[in-house]
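>>> How does the following fold in three dimensions:
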Amino acid sequence: MVPDIASPKSDGSDLALRWSGRVSLTRRILAVNIFALLMLAGGFFYLDSYRSRILDNRVEQAMREARLVAEALSAATPDRRDPLMLRLARDTGARLRLYARDGTIIADTRAMGDRSFVLRDPDKEGWRKRVARFLDAGIDTVVGAVRAPLYRERRGGMAWPDVRTATAGRASGTVWRAPDRTPVITAAAPLVNRAGSAMTTTNARDVTQTVRVERLWLGVVLLIVTLVSILLSLFLARTIVRPLRRLARAAVRVRLGRAREVVVPRLPDRGDEIGMLARALSDMSQALRARIDATEAFAADVTHELKNPLASLRSAVDVLGSVDDPALRERLLTIVRDDVHRLDRLISDISDASRLDAQLSRAKFEPLDLAALLAALVRARIDRGVERDVRLRLDITDDRPLTVFGDGARLERVFANLVDNAISFSPDGGTVALSALNSDAALDVRIEDEGPGVPEESREEIFRRFHSVRPDVEAFGRHSGLGLAIARTIVEAHGGGIHVESREDRLGGARFVVRLPLDDRS
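So this is what the prediction gives:
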């Protein structure tokens with residue numbers, strides 16, 4: 001098996017088309033809708049940036065609070081410093097520490113008994129908190145969130161980066177990660193006289209709680225939308241894929257040769273493109289069935305028509321060997337020659353009839369001046385000579401253009417057949433009249449003769465293949481019975497129609513009417 005290798009000129013769209021061509025329609029519908037949901041899931045990335053902005057604001061806030069605490073402690077006397085630190089710790093919920101310039105701790109609210117800042121032990125929390133931390137870790141890994149360093153106590157102020165920065169004269173803030181994955185914010189600011197620095201420590205659990213709530217709601221919405229999208233996708237796939245599968249199975253059965261047994265569903269209740277496709281396939285299968293039936297009937301008719309001259313030819317040949325009378329032998333040879341000519345004519349007409357549909361499907365239509373075509377046809381027929389002194393007359397009085405869109409050679413054959421047919425039925429010295437009339441969006445061409453006419457019950461049968469009704473004076477076997485059938489096939493391929501009627505005047509006879517659509521492209 002040769003692998004499917006993309007050509008150098010192929011691009012991503014070609015690869016996508018080849019990939020989608022190998023995937024079922026149901027999976028493609030699900031994939032497209034789930035891809036849209038993945039874009040909605042991008043809200044988790046937004047929540048990570050949202051958390052980062054909140055933490056940045058909290059760090060700025062912590063640095064401002066550290067400056068205020070440093071200014072307040074710088075102005076306080078030593079005896080009022082500790083009560084002030086405790087009151088500030090309770091008001092802000094932070095742990096306050098005061099360091100000397102060399103990093104030695106001077107005061108700590110925790111040592112004073114304040115428990116405003118307490119880190120939770122994750123091992124002592126319930127399973128819900130553990131699940132929440134697990135989900136936080138998973139989502140942070142997926143979105144690629146920056147992981148803050150783990151918070152742990154340090155000995156000496158210089159072990160804290162914020163204190164070192166504050167000792168240098170600038171306020172600083174840092175985000176840490178508590179054992180329970182909540183953020184811890186430390187901030188330090190120098191005292192007014194730079195005799196040391198004040199440091200605040202806050203556990204911003206509310207930030208984690210806010211992000212978790214938003215993630216929960218986003219997850220709920222995403223779950224609901226996913227379920228609805230999957231159900232709608234399956235419903236859409238069912239309304240599309242199921243009828244397509246029914247049509248595909250019917251088409252396969254038609255291809256396997258069981259067309260007569262197949263009923264292609266027409267889906268009359270569907271007014272969408274699938275309904276249009278179903279009705280088109282049903283009409284196509286019916287047309288195929290009619291074509292198969294017509295082919296079988298044509299084959300049966302051909303067999304029947306060929307058997308008659310073959311039987312006559314076989315009888316004449318069998319008798320010819322045992323006849324010594326020259327006159328009788330000559331009669332038998334005449335029958336043999338007539339049967340051979342009849343077979344040759346039948347085979348030629350059958351060949352033309354069998355190839356006609358294919359030739360018409362490939363024919364190149366062009367604008368035709370029908371008045372000029374009829375005039376040339378009558379003139380050529382007169383030049384060849386018309387038997388039994390039958391006169392040909394062309395009557396065109398319409399000044400409007402008589403232009404049709406079609407194959408000139410095929411249409412000329414139609415009118416030539418009709419003229420020959422009218423001449424054969426006309427009496428000696430009769431007249432065959434041709435006329436053309438522009439009627440609305442169609443053009444009517446009439447060929448009239450003065451013969452016996454066509455009985456009303458036979459006006460449709462004469463257009464059937466191998467149906468031949470000839471004048472009594474005409475020798476048997478000169479016509480195959482395919483001329484009018486071929487004429488109707490050609491006219492219908494041009495979008496027109498042909499029928500026969502009786503003349504209304506006193507002369508009587510038959511009138512063949514060929515109606516062709518006018519060329520209205522100009």
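>>> Quick check: what element follows the longest helix along the chain along the chain?
Ranked by residue count and defined by DSSP state H, the top helix of the chain is helix 205-255. Of the helices and strands lying after helix 205-255 in sequence (DSSP states H and E), the nearest is helix 273-320.
>>> and the next element down the chain from that following helix?
Where DSSP H and E defines the elements, the next helix or strand beyond helix 273-320 is helix 326-362.
>>> distance between that following helix and the chain's centre?
Distance of helix 326-362 from the chain centroid (Cα atoms, centre = their mean, to the nearest Å) equals 51 Å.
>>> Mind listing what's buried along the helix or strand following it?
Next helix or strand after helix 326-362 toward the C-terminus (DSSP H and E): strand 366-369. Burial within strand 366-369, assessed by neighbour count using 16 or more other Cβ atoms under 10 Å, is assigned to residue 368. Heads up, the C-betas are built off the backbone N, CA and C, glycines and all.
>>> same question, stretch 495-502
In terms of neighbour count (16+ other Cβ under 10 Å), stretch 495-502 has its buried residues at 496, 498, 500.
>>> Would you check how far apart residue 387 and residue 181 are?
Counting by Cβ to Cβ, to the nearest Å, the gap from residue 387 to residue 181 is 111 Å.
>>> So those two - more neighbours on which side?
Counting neighbours by other Cβ atoms under 10 Å for residue 387 and for residue 181 shows that residue 181 has the greater number, 17 against 10.
>>> Pull the contacting residues for the more buried one.
Residue 181 is in contact with 122, 133, 136, 137, 208, counting by Cβ atoms under 8 Å, 6 or more residues apart in numbering.
>>> Of the residues you listed, just say which sits nearest to residue 80.
Closest approach between the contacts of residue 181 and residue 80, by Cβ to Cβ: residue 208, at 36.0 Å.
>>> I figured residue 275 was touching residue 267, is that so?
Yes: assessed by Cβ atoms under 8 Å, residue 275 is found in contact with residue 267 at 4.8 Å.
>>> Those two: which is more packed in?
The neighbour comparison of residue 275 against residue 267 (other Cβ under 10 Å) goes to residue 267, with 19 against 16.
>>> in terms of contact, does the more buried one touch residue 273 like I think?
No: applying Cβ under 8 Å, one finds residue 267 not in contact with residue 273, separated by 11.0 Å.
>>> Now the buried members of the contacts of residue 181.
133, 136, 208.
>>> so which strand or helix has residue 434?
Short version, using DSSP H and E: residue 434 is in strand 431-439.
>>> can you check residue 444 too?
strand 442-448.
>>> Just the residues contacting that strand, thanks.
Strand 442-448 has contacts (Cβ under 8 Å, 6+ apart) with 370, 374, 402, 404, 415, 418-419, 422, 432-437, 496, 503, 509-518.
>>> what's the spacing between residue 416 and residue 423?
Look at residue 416 and residue 423: by Cβ to Cβ, they are 11 Å apart.
>>> Have a look at the two and say which one is more surrounded.
Each of residue 416 and residue 423 has its neighbours counted (other Cβ under 10 Å); residue 423 has more, 20 against 15.
>>> and that one, what does it touch?
Applying Cβ under 8 Å, 6+ apart, the residues near residue 423 are 386, 387, 388, 390, 432, 449.
>>> how about stretch 128-137: buried residues?
For stretch 128-137, by 16+ other Cβ under 10 Å, it's 132, 133, 136.
>>> Secondary structure for those residues - can I get that in a markdown table?
A markdown table is the format used below for the buried residues of stretch 128-137 (DSSP: H, G, I helix; E, B strand; the rest coil):
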| residue | secondary structure |
| --- | --- |
| 132 | helix |
| 133 | helix |
| 136 | helix |
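>>> Can you tell me which of those residues lies closest to residue 47?
residue 136 (10.9 Å).
>>> so that closest one makes contact with residue 212?
Yes: if you go by Cβ under 8 Å, residue 136 and residue 212 touch, sitting 7.2 Å apart.
>>> Need phi/psi at residue 517.
Dihedral pair for residue 517: phi -70, psi 140, per degrees, to the nearest 10.
>>> any idea how far the residue most central in space within the chain is from residue 244?
In the chain, the C-alpha nearest the mean C-alpha coordinate belongs to residue 273, at 9.4 Å (Cα atoms, centre = their mean). Applying Cβ to Cβ, the value for residue 273 to residue 244 is 11 Å.
>>> With residue 51 instead?
From residue 51 across to residue 244, the span is 48 Å (Cβ to Cβ).
>>> These two - which one has more neighbours?
Neighbour count, other Cβ under 10 Å: between residue 51 and residue 244, residue 51 has more, with 19 against 15.
>>> So the more buried one belongs to a strand, correct?
No: under the criterion used here (three-state DSSP), residue 51 is helix, not part of a strand.
>>> Name the nearest residue to it, ignoring sequence neighbours.
Once flanking residues are discounted, residue 51 sits nearest to residue 211: 4.9 Å by Cβ to Cβ, 6 or more residues apart in numbering.
>>> Check residue 364 too.
With Cβ to Cβ, 6+ apart as the criterion, residue 364 has its nearest non-adjacent residue at 7.3 Å, and that residue is residue 407.
>>> Quick check on that neighbour: phi, psi?
Residue 407 adopts backbone torsions of phi -100, psi 110, taken as degrees, to the nearest 10.
>>> what's around it, how many residues?
Counted with other Cβ under 10 Å, residue 407 comes out at 18.
>>> Mind putting the contacts of residue 423 into CSV with distance to residue 283 and pLDDT?
Formatted as CSV, these follow (distance: Cβ to Cβ, whole Å; pLDDT from 0 to 100):
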residue, distance to residue 283, pLDDT
386, 46, 87
387, 46, 86
388, 48, 83
390, 45, 90
432, 40, 93
449, 39, 91
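>>> where along the stretch 1-150 of the chain do the helices fall?
For the stretch 1-150 of the chain, applying DSSP state H, counting those that start in this stretch gives helices covering 12-21, 25-41, 43-75, 78-92, 127-143.
>>> hmm, who's touching the helix or strand just after the last one?
Sequence-wise, the next helix or strand downstream of helix 127-143 (DSSP H and E) is helix 161-167. For helix 161-167, the external contacting residues (Cβ under 8 Å, 6+ apart) are 66, 70, 99, 101, 103, 157-158, 171-174, 186-190, 196-199.
>>> Equivalent analysis for stretch 216-235, please.
Applying Cβ under 8 Å, 6+ apart, the contact partners of stretch 216-235 are 26, 29, 30, 33, 34, 36, 37, 40, 41, 43, 44, 47.
>>> Without its sequence neighbours, what residue ends up closest to the third one?
Taking Cβ to Cβ, 6+ apart as the measure, residue 30 lies nearest to residue 233, with 4.9 Å between them; neighbours along the chain are not counted.
>>> what's the burial count for residue 383?
8.
>>> Local confidence estimate at it?
The per-residue pLDDT reported for residue 383 equals 88.
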